[in-house]
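Peer 1: Structure for this input, please:
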Amino acid sequence: MDKERREAIDAGNRALRSLKEAQNNLDSAKNWGLWDMFGGGFISTMAKHSKMDSAKQNMEQAKYDLRNFSRELDDVNMTCHLDIETGDFLSFADWFFDGFVVDWMVQDRIKQASGQVAEAIRRVEGILRQLQN
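Peer 2: Predicted coordinates:
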């Protein structure tokens, strides 16, 4: 059982790292998004999208890591459904219809994704605490 528990903890830590990387990129995208909303122009749009793309990749990695974590939890008789949505953030519209309303909609999507990631981080940390006790 100790081996299975260590494997579950390792898988949880991998998922937590991916989630925290996603959170960092989402926070940065959110900051660039605010700048973009208030007249930041092409450079802020590019920077925001770069961070959004990185966050999406982190979230895809986190989904993979969360599935592995879930399988490892099954081995120690714990179950948990953890999932995050990696939506499109309205990227196409933001590039081609750059304006306050579209920027605001993209910013709202970033906030939603950030909330999902924050909730997943909270849940993974709670499960890891249980496993370590």
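
Peer 1: buried set for stretch 20-35?
Peer 2: Neighbour-count burial for stretch 20-35, counted by 16 or more other C-beta atoms under 10 Å, picks out 21, 22, 23, 25, 26, 28, 29, 30, 32, 33, 35. To be clear about C-beta, it is placed using only N, CA and C from the backbone, and glycine gets the same treatment.

Peer 1: whoops, I mixed them up, stretch 109-124
Peer 2: 109, 110, 113, 114, 116, 117, 120, 121, 124.

Peer 1: Looks like the second one contacts residue 59 (just checking).
Peer 2: No - with contact defined as C-beta atoms under 8 Å, residue 110 does not reach residue 59; the gap is 11.7 Å.

Peer 1: hmm, back to that, need the buried residues of stretch 20-35 in TSV (columns: pLDDT, secondary structure and distance to residue 76).
Peer 2: Output for these, formatted as TSV (pLDDT from 0 to 100; DSSP: H, G, I helix; E, B strand; the rest coil; distance: C-beta to C-beta, whole Å):
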residue	pLDDT	secondary structure	distance to residue 76
21	95	helix	26
22	90	helix	25
23	93	helix	26
25	90	helix	31
26	88	helix	30
28	90	helix	35
29	86	helix	35
30	85	helix	36
32	80	helix	41
33	78	helix	40
35	75	helix	45
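
Peer 1: Can you lay out the residues you listed as CSV showing distance to residue 12?
Peer 2: Formatted as CSV, those follow (distance: C-beta to C-beta, whole Å):
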residue, distance to residue 12
21, 15
22, 15
23, 16
25, 21
26, 20
28, 25
29, 25
30, 26
32, 30
33, 30
35, 35
